[in-house]
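Asks: Return atomic coordinates for the entry below.
(one chain, ligands or ions: 1)
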Amino acid sequence: MEGKFIVLEGIDGCGKTTQINALSKWLPKSGLINKNSTLIKTREPGGSILGREIRNMILKNNKLNSPSILTELLLYSADRAEHISKIILPALQNGHWIISDRFSGSTLAYQGYGREINIEIIKELENIVCQNIRPDLTFLLEISPEESILRRKNKVADRIESEGLEFLKKVNHGFKLIALENNWEIINASKDLNSISQQIQTSLINKFL
Ligand code: T5A
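Replies: Reported below is the predicted structural model:
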């Protein structure tokens with residue numbers, strides 16, 4: 001059996017971390033993963049050692065030293081280039097499974113639809129950065145922007161989360177278009193945790209068993 005690359009996408013607070021934690025308990029017992037393979041949980045930004053430093057640079061709230069939107073795009077791209085070279089590519093070459101909390105769809109949604117950077121430029125950049133690595137399956141966990149804000153009301157917002165409702169609406173709209181264009185699995189993530197988990201598990205079984 002070969003390695004697989006699974007990605008969870010969606011606006012802030014849609015439940016990716018929660019579902020990835022549930023998946024990482026279920027997947028090793030699912031019969032989908034070869035017993036010689038490992039399941040690797042990772043995320044963007046910050047999936048590699050250098051990426052953790054980049055994550056801190058992009059997400060910390062510092063109004064006096066915020067990156068320009070072009071710098072922001074390039075930092076997310078640099079994080080991804082490092083993540084692919086050091087973590088994703090070697091893992092797939094060794095037959096391991098990877099679940100990533102966000103990947104290139106987030107750049108299209110946040111920097112493309114949210115920041116309104118030309119989508120074609122972003123796609124061009126992604127072609128360079130991704131080195132032909134594409135997820136085998138991407139899930140979009142869909143919640144409304146209002147629910148996103150509600151779920152995060154007791155958490156300190158990072159720099160991107162501080163952008164507010166109008167920005168989140170543009171990102172949300174972008175995610176929907178990207179998901180339809182790329183055949184992602186769209187999950188209603190406002191349901192309860194268990195039914196979301198079951199829907200993800202069923203999709204994985206249907207696709208990979
Ligand atoms: N970004 C990222 C870009 O702009 N461009 C890019 O290219 C990339 C890769 C990353 C930020 O960077 C941006 C996007 C982000 O703004 P992050 O810290 O990784 O930041 O933040 P998020 O991905 O937004 O992570 P969060 O932890 O905020 O959201 P999750 O992981 O989606 O959600 P989770 O599981 O932590 O759940 C949030 C809350 O909701 C509850 C949980 O208990 C938790 O309290 N919850 C539910 N409540 C009710 N019903 C359910 N079904 C629930 N599921 C979870």
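
Asks: Show me where this protein has its strands.
Replies: Per DSSP state E, the chain carries strands over the ranges 5-9, 39-43, 97-101, 137-142, 185-188.

Asks: Looking at these, which one is packed in the most?
Replies: strand 5-9 (a mean of 25; mean count of other Cβ atoms under 10 Å). C-beta: built from backbone N, CA, C; applies to glycine.

Asks: Would you mind listing the outside residues contacting that strand?
Replies: Applying Cβ atoms under 8 Å, 6 or more residues apart in numbering, the contact partners of strand 5-9 are 16, 19-20, 23, 88, 92, 97-103, 105-106, 109, 133-141, 175, 179, 184, 204.

Asks: is any part of that strand close to the ligand?
Replies: No - Strand 5-9 is not in contact with the ligand by Cβ under 6 Å from any ligand atom; minimum separation 7.6 Å.

Asks: Using PDB, write out every CA atom in that strand.
Replies: The C-alpha trace of strand 5-9 is given here as PDB (Å, rounded to 0.1, in the frame of the first residue of the first chain):
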ATOM      1  CA  PHE A   5      -1.900  12.700   1.700                       C
ATOM      2  CA  ILE A   6      -5.100  14.000   3.400                       C
ATOM      3  CA  VAL A   7      -5.900  17.600   4.000                       C
ATOM      4  CA  LEU A   8      -8.500  19.400   6.100                       C
ATOM      5  CA  GLU A   9      -9.400  22.900   5.200                       C
END
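
Asks: Show me how far stretch 125-133 is from its chain's centre.
Replies: With Cα atoms, centre = their mean, to the nearest Å as the basis, stretch 125-133 stands 16 Å off its chain's centre.
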